[in-house]
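1. return atomic coordinates for the entry below.
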Amino acid sequence: MKYTVVMIPTTTRTRVLVSHGCDELLRAILPPPSSMHHERAVIAFLQGLSLWLDAKLHVVLSVDEREAGFCLALTDEMGIGMRSVYFDVEVHDRRARRRRGQRIRGIGDFADLRQLYLRWLGPDGN
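-> Down below sits the predicted model:
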């Protein structure tokens, strides 16, 4: 099982969720990126967390496509997530919504199976 860190920066706050498989390990609400005075603060946070957990982290950065360039120092100018020995960053377009898909009616709920399927898909939907 891998450790996943989901980060959602907005103009008012930065939400962080750290999970290991289906278990949540940490939830945090941090100040917005605009209030950071040290450009390497997020990198230092992720490196420290990686060292603490003794594992490479999978970081999912959820931002609007327009905001992806140089976001939290975790992406390059084209919005491509950085890679290091401590973590890999995957950029996910916050505005992109997955199509719900057609459902067959009349033969039961199947909600538990859908949840298992969504968990199997993972945070990137693949």
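2. low-confidence bits of this structure, can you list those?
-> The chain contains residues with pLDDT under 70 at 96-115, 117-126.
3. what about the helices in it?
-> Per DSSP state H, the chain carries helices over the ranges 41-53, 111-121.
4. now the longest one: buried residues?
-> By neighbour count, and taking 16 or more other C-beta atoms under 10 Å as the criterion, the buried residues in helix 41-53 are Val42, Ile43, Phe45, Leu46, Gln47, Leu49, Ser50. Yep, even glycine has a C-beta here, placed from its N, CA and C like the rest.
5. residue contacts, the closest residue to Asp93 other than its chain neighbours?
-> Of all residues not flanking Asp93 in the chain, Glu65 sits nearest, at 5.0 Å (C-beta to C-beta, 6 or more residues apart in numbering). Applying C-beta atoms under 8 Å, 6 or more residues apart in numbering to Glu65 gives the contacts Gly79, Asp93, Arg95.
6. Arg27 now?
-> By C-beta under 8 Å, 6+ apart, the contact set of Arg27 is Arg15, Val16, Leu17, Val18.
7. Met82 too?
-> For Met82, the contact set (C-beta under 8 Å, 6+ apart) comprises Leu74, Thr75, Asp76, Asp88, Val89.
8. which pair in those residues spans the largest distance?
-> Using C-beta to C-beta, those span at most 13.7 Å, a distance reached by Asp76 and Asp88.
9. rewinding a little: just the contacts of Met82: which are in strands?
-> Asp88, Val89 (DSSP state E).
10. return the member of the contacts of Met82 nearest to Leu116.
-> Of all the contacts of Met82, Asp88 has the smallest distance to Leu116: 25.2 Å, by C-beta to C-beta.
11. wait, what's in contact with the closest one?
-> Here Asp88 is in contact with Lys56, Leu57, His58, Val59, Gly81, Met82 (criterion: C-beta under 8 Å, 6+ apart).
12. and for Arg15?
-> Counted by C-beta under 8 Å, 6+ apart, Arg15 has contacts Met7, Ile8, Arg27, Ala28, Ile29, Leu30.
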